[in-house]
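Chemist: Got a predicted structure here, sequence first:
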Amino acid sequence: MPTNVLIFIHGITPEERPTSHQRDYRDLWEAMQVERPTLTRQIDKVVEVEWGNRFVGGPMGPDTLLSDAERQIAGRVRFDVVEQHPGPGNVLHPGVLGDVGIPGVRRLARNIRERLVQFGLADAVYYASEDGERAVRNAIYGKVLRELREYKATPELRLHVVAHSLGVTVAHDFLYGLFGKFELPDFLAQTNNALDRQDYEFWRARAAAQQLIVGSFVNMASQLPLFVLRKQKLVTRLAEGKVLSPADIGIGLGTDQTVRWLVVYDVDDVLGFATRELYGNHPSIRQVQVDSGDSPIGAHTEYWRTAMVVREAAALVASNA
């Protein structure tokens, strides 16, 4: 019997003062167990990853300063702050009413810019930087590797990763380094933790021996269509009209066409994308449009409590565990 580990990884946090994502994780996991009661005995361990935010009892690292820095920036550049200090160096739109705009549109635009972009997309910008990538990977990879340490003697370990938003990209990078990268992964040079480095090399070897398996990969609000543009070789490949391969992250290997990858997205979510088409019409990937909310922010944050997401995720994990 394989050992099954379920890993939850959150993504960007559009809240000004985010707290632990434990509620999101528990809401989805408990609902999944109600939907598929067999999961309670199928899953041997649940790993809840936190990154990018400093709170009491939470992890400490360079990445946890991110939300503090974003609040400082927002406190200086929000329009309601800027308009309070007009002057020769800060010229507001002239006229009694100023720049009126279309009723309702400006409020929506400001809400998206000052929440979803300033506190959410900024997280993605951080990960796209060299320093941010190193810090976020050390936080997320390090947490997962520590939790897997007790299973090194397990004959077969199956990973079930449920990721949201930017967490999808980081999880994809984690799996790519284990299953698809022929040269040494960047993480081995990014970490200063000798144990994490040894563990990542260990699990790469287990993946090559097919003793580490990707049981299932659940993507909510995927941003992979944006982040594949970080690498020139992927830009070149896509520009030539070619598609990517799920085998690069340990899915759809050989003749295995079992559905292991679930992509759910809401068309009202401005930071979540359909992703399956990047990999062609591959039978190992199932993509489902859901209704997680009607506002851009609600649509991005409420996948965890969306009934269709619960059903699809529970079915996928249960069938592959």
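Modeler: The structure has been received and is ready for your questions.

Chemist: State the next helix or strand along the chain beyond the longest helix along the chain.
Modeler: Across the chain, the longest stretch assigned as helix under DSSP state H is helix 130-148. With elements assigned by DSSP states H and E, the helix or strand that comes after helix 130-148 is strand 157-164.

Chemist: Describe which strands that following strand pairs with in its sheet and in which direction.
Modeler: The pairing partners recorded for strand 157-164 under DSSP bridges are strand 3-9 (parallel), strand 212-220 (parallel).

Chemist: And for the first one, what's in contact with it?
Modeler: To tie it back to what came earlier, the one meant is strand 3-9. For strand 3-9, contacts defined as CB atoms under 8 Å, 6 or more residues apart in numbering pick out 21, 24-25, 28-29, 42-49, 140, 144, 147-148, 151, 154, 156-164, 167-168, 170-171, 215, 317, 321. Any C-beta I mention is one placed from the backbone N, CA and C, and that applies to glycine too.

Chemist: got the CA positions of the longest helix of the chain in PDB?
Modeler: The C-alpha trace of helix 130-148 is given here as PDB (Å, rounded to 0.1, in the frame of the first residue of the first chain):
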ATOM      1  CA  GLU A 130      15.700  36.400  -7.800                       C
ATOM      2  CA  ASP A 131      15.500  37.200  -4.100                       C
ATOM      3  CA  GLY A 132      11.800  36.500  -3.800                       C
ATOM      4  CA  GLU A 133      12.000  33.200  -5.600                       C
ATOM      5  CA  ARG A 134      14.800  32.000  -3.300                       C
ATOM      6  CA  ALA A 135      12.900  33.200  -0.200                       C
ATOM      7  CA  VAL A 136       9.500  31.700  -1.200                       C
ATOM      8  CA  ARG A 137      11.000  28.400  -2.300                       C
ATOM      9  CA  ASN A 138      13.000  28.000   0.900                       C
ATOM     10  CA  ALA A 139       9.800  28.600   2.900                       C
ATOM     11  CA  ILE A 140       7.500  26.300   0.800                       C
ATOM     12  CA  TYR A 141      10.000  23.600  -0.300                       C
ATOM     13  CA  GLY A 142      11.600  23.600   3.200                       C
ATOM     14  CA  LYS A 143       8.200  23.000   4.900                       C
ATOM     15  CA  VAL A 144       7.200  20.200   2.600                       C
ATOM     16  CA  LEU A 145      10.700  18.500   2.800                       C
ATOM     17  CA  ARG A 146      10.600  18.600   6.600                       C
ATOM     18  CA  GLU A 147       7.200  17.000   6.600                       C
ATOM     19  CA  LEU A 148       8.300  14.200   4.200                       C
END
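
Chemist: Report the distance from that helix to the chain centre.
Modeler: 13 Å (CA atoms, centre = their mean, to the nearest Å).

Chemist: tell me the mean pLDDT over it?
Modeler: On average, the pLDDT along helix 130-148 is 96.

Chemist: Next, the angle strand 3-9 makes with that helix.
Modeler: Our comparison of helix 130-148 with strand 3-9, counting by axes from the mean of the first three to the mean of the last three CA atoms, to 10 degrees, yields an angle of 150 degrees.

Chemist: what packs against helix 130-148?
Modeler: strand 3-9, strand 45-49, helix 122-128, helix 166-179, helix 187-190, helix 194-208 (3 or more CB pairs under 8 Å, 6 or more residues apart in numbering; DSSP states H and E).

Chemist: Turn those into CSV, columns for distance to residue 298 and mean neighbour count.
Modeler: Listed next are the helices and strands packed on helix 130-148 as CSV, based on distance: least, CB to CB, whole Å; neighbours: other CB atoms under 10 Å:
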stretch, distance to residue 298, mean neighbour count
strand 3-9, 20, 23
strand 45-49, 23, 18
helix 122-128, 18, 19
helix 166-179, 18, 24
helix 187-190, 34, 16
helix 194-208, 36, 16
